[in-house]
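A.B. asks: Sequence first, predicted model second:
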Amino acid sequence: ADQVTLQLKWVTQAQFAGYYVAADKGFYEEEGLEVEIKPGGPDIAPPQVIAGGGADVIIDWMPSALASREKGVPLVNIAQPLKRSGMMLVCRKDTGIKSPEDFRGKTLGVWFFGNEYPFLAWMARLGIPTDGSPEGVRVLKQGFNVDPLLQKQADCVSAMTYNEYWQIIDAGLKPEELVVFKYEDQGVATLEDGLYVLEENLKDPAFLDRMVRFVRASMKGWKWAEAHPDEAADIVLENDATGAQTEKHQRRMMREVAKLTAGSNGELDPADYERTVDILLSGGSDPVITRRPEGAWTHAVTDKALK
Amino acid sequence: MIGRIAQLPPLPLAAAAAALAWLALGAAHAPDGMPPWGWAATLGAWACAWALVESLARSGWRHAGLAAPAVFGLTVLFLWEAVTRGAGVPAVLLPPPSMIAERIADSWPILWADFSQTFLKAVLIGYALGCGAAVATALLIDRSEFLQRGLLPVGNMVAALPIVGVAPIMVMWFGFDWPSKAAVVVIMVFFPMLVNTVEGLKSAERMQRDLMRTYAAGYWQTMGKLRLPAAAPFMFNGLKICSTLALIGAIVAEFFGTPTVGMGFRISTEVGRMNLDMVWAEIAVAALAGSAFYGAIALIERAVTFWHPSQRR
Amino acid sequence: MRRAAGDAGPVLCVLMAILVLWYAAAAALNLQWERDQAERAGRAPSLTQMLSAAMSQDRPVLPAPHQVAVEIWKTTVDKKITSKRSLVYHSWVTLSATLLGFAMGTLLGVLLAVGIVHSRALDLSLMPWIIASQTIPILAIAPMIIVVLNAVGISGLLPKALISTYLSFFPVAVGMVKGLRSPDAMQMDQMRTWSATTAQTFWKLRLPSSMPYLFASLKVAVAASLVGAIVGELPTGAVAGLGARLLAGSYYGQTIQIWSALVTASILAAALVAIVGAMHRRVLRRMGAAA
Amino acid sequence: MQAQASRTAAASDDAASRPAVIEARGLSLTFPADDGPVHALSDVDLTIRKGDFVSFIGPSGCGKTTFLRVIADLEQPTAGEVRVNGMTPREARLARAYGYVFQAAGLYPWRTIAANVRLPLEIMGYPREEQEERVRRTLELVNLTGFERKFPWQLSGGMQQRASIARALAFDADILLMDEPFGALDEIVRDHLNEQLLKLWAKTDKTIGFVTHSIPEAVYLSTRIVVMSPRPGRIIDVIESTLPRERPLDIRETPEFLEIAHRVREGLKAGHSYED
Amino acid sequence: MQAQASRTAAASDDAASRPAVIEARGLSLTFPADDGPVHALSDVDLTIRKGDFVSFIGPSGCGKTTFLRVIADLEQPTAGEVRVNGMTPREARLARAYGYVFQAAGLYPWRTIAANVRLPLEIMGYPREEQEERVRRTLELVNLTGFERKFPWQLSGGMQQRASIARALAFDADILLMDEPFGALDEIVRDHLNEQLLKLWAKTDKTIGFVTHSIPEAVYLSTRIVVMSPRPGRIIDVIESTLPRERPLDIRETPEFLEIAHRVREGLKAGHSYED
Ligand SMILES: Nc1ncnc2c1ncn2[C@@H]1O[C@H](COP(=O)(O)OP(=O)(O)OP(=O)(O)O)[C@@H](O)[C@H]1O
Ligand SMILES: Nc1ncnc2c1ncn2[C@@H]1O[C@H](COP(=O)(O)OP(=O)(O)OP(=O)(O)O)[C@@H](O)[C@H]1O
Ligand SMILES: Cc1ncc(C[n+]2csc(CCO)c2C)c(N)n1
Ligand SMILES: [Mg+2]
Ligand SMILES: [Mg+2]
């Protein structure tokens, strides 16, 4: 069988259920592939891994992928299973924040490590400085969890609809005690978990063929996962070598992720791409990317895979 | 072979090394990768530099202590430059030193802000508190047989409180700013200092101790006039090891939540952004600061434990 | 053996004291949350109610010792050791990398020290760079190391062990340089009068003299190896081991899980240090120290 | 042997009138060891009175050092008891009754010679100026003026030993215990220091326990000479000196002196292992 | 003083015929120090011939140890030169020409007594069995049989010194340099070891440099006695012994012996700082 190594953006969880399902249900095998799924972690930058030859294909957020492309890692989006963005900023209501304008003077928890681009673009669009000046916001590098909100060290924290939000709820805060700003609703949604490969590899027909089969099987996995969320979550749990994930949380996460993949056949919608690029370019004095990228996506794979 | 070359005086060797290095670097910039003779020049430059260090060490020149590591360092930088350029290593994996140097020159204000946040606050304060606490604990342990049996094994447990687990907790307890990093540093340096101090306090010789007994010297007199001086070589051992640990601790702790300033913050952020030149610029600052810190402690050590055989050759 | 029995009392006492402090801290830190909750809900529970609630939170700021103990029990005794949810399994994953890293680190540290003590060129040129190497934050370069190693086909235990090695060789090198230089002038002079070779001087004089320094350093080095192995688990994909547990725990805010991994790591460290200590005592006895 | 000791004690009649400073009764000390215990002292009885100058002489390894160490509370006897000024050795030590010169110099390498001599003065809290004065005086006494600021490793063996003597003489201890203090010194320095020591003793009425291997030195200095034999360490003779307290150096040529020296030599030979 | 040395050399006529083993010419050694340099040796000339037994005597700190150390290549002279068997001291050292007894015992604390004595044998690669045999024999020589398995700290000061003598005698060095080897020993052991040393010397024709503070010992043992004076360390007299090579212990009562001893004492006094 042909070998494919996939580097995830984060640890094993239902966010990546489609790939685990495809592996577990033998969809990859049917396509004659042997896929190794490498979990990520807080210090794993998938673009770096692929540049170093540690993976054939990676999962990354588009802002980060495009920024890497500018830095000389020629990443190309070959498929986009997640159509919608799950990012949001969650604030405690008692901070008095009602709209984004109220952010001024507040402390916000933000993920860095290449995940800060959507936030920075949003703030740039709002015209709120992030340099700690009094009329701007105070930014904290948020760790892995939502503690800063619970401990009142931050007024708002970043969260994903499918993960951190529920941790806040689990911790005992009621939805009515929270104010939620989804990036989708704010018009600053950027594309998340997409599949990226190195540009020059695509010139190799054998590689292209492998990717076609890989995407086909992965999307089959995703659709199966959407249809069987509980079983999909269980498959993820089986693949979690840390043994730290809980069934309750993963099943819930699977349902939320399914909302983001729903309706996507894996093909990147060029309109979504253009929107993402526009948002990123609007970054004011310090834009995430400085010019409109060329050839950062292709339908070559999905065209064949979805035939 | 290199040994034979090293018989030559330093000057011609330096010239040869420089010339070959210049050739190699020129070749490394060739558009289609390094030609074979470029690699040969690289190896030659390396061999000459190595011989130069040997020759310097033998020369007994007064400044050999500075020149030798400098030559060694330049050699490493040169090899790094030649290999990354010559073999076309992607800059997102390992940028060449010239690129890093450029970045350092461009980013003084950021580097300084990060340095003062991480080093001047978290490292120095955490180091002082941690080493102080360790010495105090060692004295407590020494004072009482009971604590010696009870506290030491438990003190050992602090040894491996893994920074990964501790750092988020410290952020939770002490907030996002530097105090939580200082707390991590305290935990990092506590154990090495404790072990070395405890070991050092055992190192006074029997006769030296008996002498104090005949004077009916009090505990603190014996401590101040005999046991601490005798322990000093060990304690400096601990202080030296801790000086680098403290820096690692503070930087790594910043991976787990910080305000948007600090060497660790910058490193993890810029890795995510694929700005590896900035990452290495911070690493260079860290290395410089760490070496200076270590060097300062080594100088104090020399002044305080001048009498120890290890200092007297 | 007798020593161990004699130590049990004091160790228990100190542990008891720590437990008491821990409970007090847990109460203090967790009560705040209970108070907020009650306030938000408009309830006014009694202090004892709040206390008992504070001791049994799902996600306490600081879990109470018994919560950690129960968690450790559940994840060690109640689980098959091959299970991914068994702490024994995760401890072993970390321990194996620790031991390999410690072995390599000790070897490297001693070799470097030997080189530095015997060659002035090495002493002058290498030492500053060894020091500088230690100021490079491993977490920053570890992913790159792992990527590079992966590219040459090395994966699994070794990359983690290499990070352990990186952290542990330094204390050994620094301590051994000092230790190997600690023989006094007369002892060195004796070797000279017999015109002993460098190797003979090393084996018969320098090495025995360095033992106190070596063992003090080894204790620090095993502990550092453990920290290195745990840290090394993050960029290696954090799939198994105590580090992965810690990370997963903190990612999901599961403080009880974090603390049970922390406590396990500490016990592991204490055990490793104790083993080195026992070796130290044996060597001391062999070397004729007063009992 | 007990009889002998009491006989000689009776000989000098003023002895009994002075108070006993050190009294050892049935003293034994055994060092445990893996390969069988070493009996360093066995059933030793001895009384040293105020103002006595007692020399201990005996073959190498017979227990002289061990005996001094027991008196100074540096070693615990396995049987018997010692009283010092009516106290236990421990109490006497805490009362700072001892000045001890060890067999090896044992200077602290991180202190200069002057600082080494000053050490006990600092510990006993002498005023700063007096410290300086005493350091100066005792260093002059042992002829080390000019070496105040040197470190121990910069001194010759004999100079180190003299520094260690100075250290013990710098403060006023009632009891001086000296373990071969002059072993590494040449005859002339030795004569000089012997004279100085006698002067000091006469002036201050110290009680001195003195280990030496030199029979003339023992005879010249002591009011009593204790001859010991090895394994187990026992006292085989206690010789009461009949020499006057005032002793010019040339007393060493008098027949009386030679007679005592002869007796010591005989005792030594009798107890010596080569004669077994 | 040069004249004197040559006069005495001429006195014993066989001297010139034996080859020179150690030759020092214009030897000076100055220790640098923060508070001014110390002139340990100044312009020392001396020739020691094969089979000589040369004693060095002089006040404490006059440079005796330093001189031995220069010969053994443990210290580098600041001026002048030394030849040993026609080689530099370094070459001679590498050829394992020296057995050296240091002024302090300097046993390795982690080795038993037997292992300490065995150490040079191990280093010089003697076969295993011969090592055992030599250790046994030399320990017997210094009367330490039975203490093989003890560690140094379990021995008395004198016993440690004897162990260190045994260590230097265990192997066959042409040149024995002994720095106050018998300082911490009682008269009887000392006499015994003096005899043994003379026997060994007679049997093996070693060349011996011997530092001592005891005038009788120097006279009894030596073919030549070098008297030194301190700061700067100079040779002030070289006394050729007229005693026969065969020397029973009671030679020490002969007028000839006393005459030499007297001359040494006079030399010593002359050079001594107390007389300045
Ligand atoms: N710490 C010890 N452990 C075991 N044995 C010891 C110890 N100290 C001394 N001994 C033994 O006790 C005996 C007496 O030793 P001590 O030092 O008192 O002799 P000494 O009379 O002072 O001899 P020297 O004149 O050689 O100094 C010796 O046989 C020695 O081996
Ligand atoms: N390492 C050193 N540094 C500085 N001065 C030194 C050093 N070693 C010896 N000296 C000085 O050199 C002089 C001669 O010392 P040396 O040890 O040779 O004397 P010595 O004749 O052996 O005396 P002793 O009989 O007391 O052993 C002394 O004044 C001493 O202070
Ligand atoms: C240190 C660090 N912090 C946050 C993220 C962001 N992130 C990327 S994917 C993902 C999963 C969401 O459930 C999250 C949180 C990261 N990669 N590394
Ligand atoms: Mg003794
Ligand atoms: Mg000397």
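C.D. replies: Great, that's in hand. Ligands and ions are numbered 1, 2, ... in the order given.
A.B. asks: make it CA atoms for all contacts and neighbour counts henceforth
C.D. replies: OK.
A.B. asks: tally of neighbours for whatever residue of the stretch 201-307 of chain A ends up closest to chain E?
C.D. replies: Among all residues of the stretch 201-307 of chain A, A:Thr242 sits closest to chain E, at 48.6 Å; criterion: CA to the nearest CA. For A:Thr242, the count of nearby residues is 28 (other CA atoms under 10 Å in any protein chain shown).
A.B. asks: go on, B:Asp114?
C.D. replies: 21.
A.B. asks: still on that earlier bit, please state the backbone phi and psi of the spatially closest residue to the residue of the stretch 201-307 of chain A closest to chain E that is not a sequence neighbour?
C.D. replies: Excluding the flanking residues, the one nearest A:Thr242 by CA to CA, 6 or more residues apart in numbering or on different chains is C:Ala240, at 4.9 Å. Reported as degrees, to the nearest 10, the phi and psi values for C:Ala240 are phi -150, psi 160.
A.B. asks: what's the answer for A:Val180, then?
C.D. replies: phi -120, psi 130.
A.B. asks: hang on, it packs against A:Gly86?
C.D. replies: No - with contact defined as CA atoms under 8 Å, A:Val180 does not reach A:Gly86; the gap is 11.9 Å.
A.B. asks: Give me the pLDDT value at A:Gly283.
C.D. replies: For A:Gly283, the model assigns a pLDDT of 66.
A.B. asks: give me phi/psi at residue 26?
C.D. replies: Defaulting to chain A. The phi/psi pair for A:Gly26 (degrees, to the nearest 10) is phi 80, psi 10.
A.B. asks: if you could check chain B rather than the one you did, that'd help
C.D. replies: With angles defined as degrees, to the nearest 10, B:Gly26 sits at phi -60, psi -40.
A.B. asks: go on, D:Thr223?
C.D. replies: Dihedral angles for D:Thr223 - degrees, to the nearest 10 - are phi -90, psi -30.
A.B. asks: Give the burial count for it, as a bare number.
C.D. replies: Using other CA under 10 Å: D:Thr223 sits among 21 other residues.
A.B. asks: And it, how far from D:Thr66?
C.D. replies: Using CA to CA, to the nearest Å, one gets 21 Å for the distance from D:Thr223 to D:Thr66.
A.B. asks: Mind telling me which residue of the stretch 151-291 of chain C is nearest ligand 2?
C.D. replies: Residue nearest to ligand 2 within the stretch 151-291 of chain C (CA to the nearest ligand atom): C:Ala185, separated by 9.5 Å.
A.B. asks: That residue touches B:Pro309, doesn't it?
C.D. replies: Yes - counting by CA under 8 Å, C:Ala185 touches B:Pro309, with 6.9 Å between them.
A.B. asks: is stretch D:149-166 anywhere near ligand 2?
C.D. replies: Yes - counting by CA under 6 Å from any ligand atom, contacts between stretch D:149-166 and ligand 2 involve D:153-159.
A.B. asks: Of those residues, which is the nearest to D:Val238?
C.D. replies: Nearest to D:Val238 among these, counting by CA to CA, is D:Gly158 at 30.2 Å.
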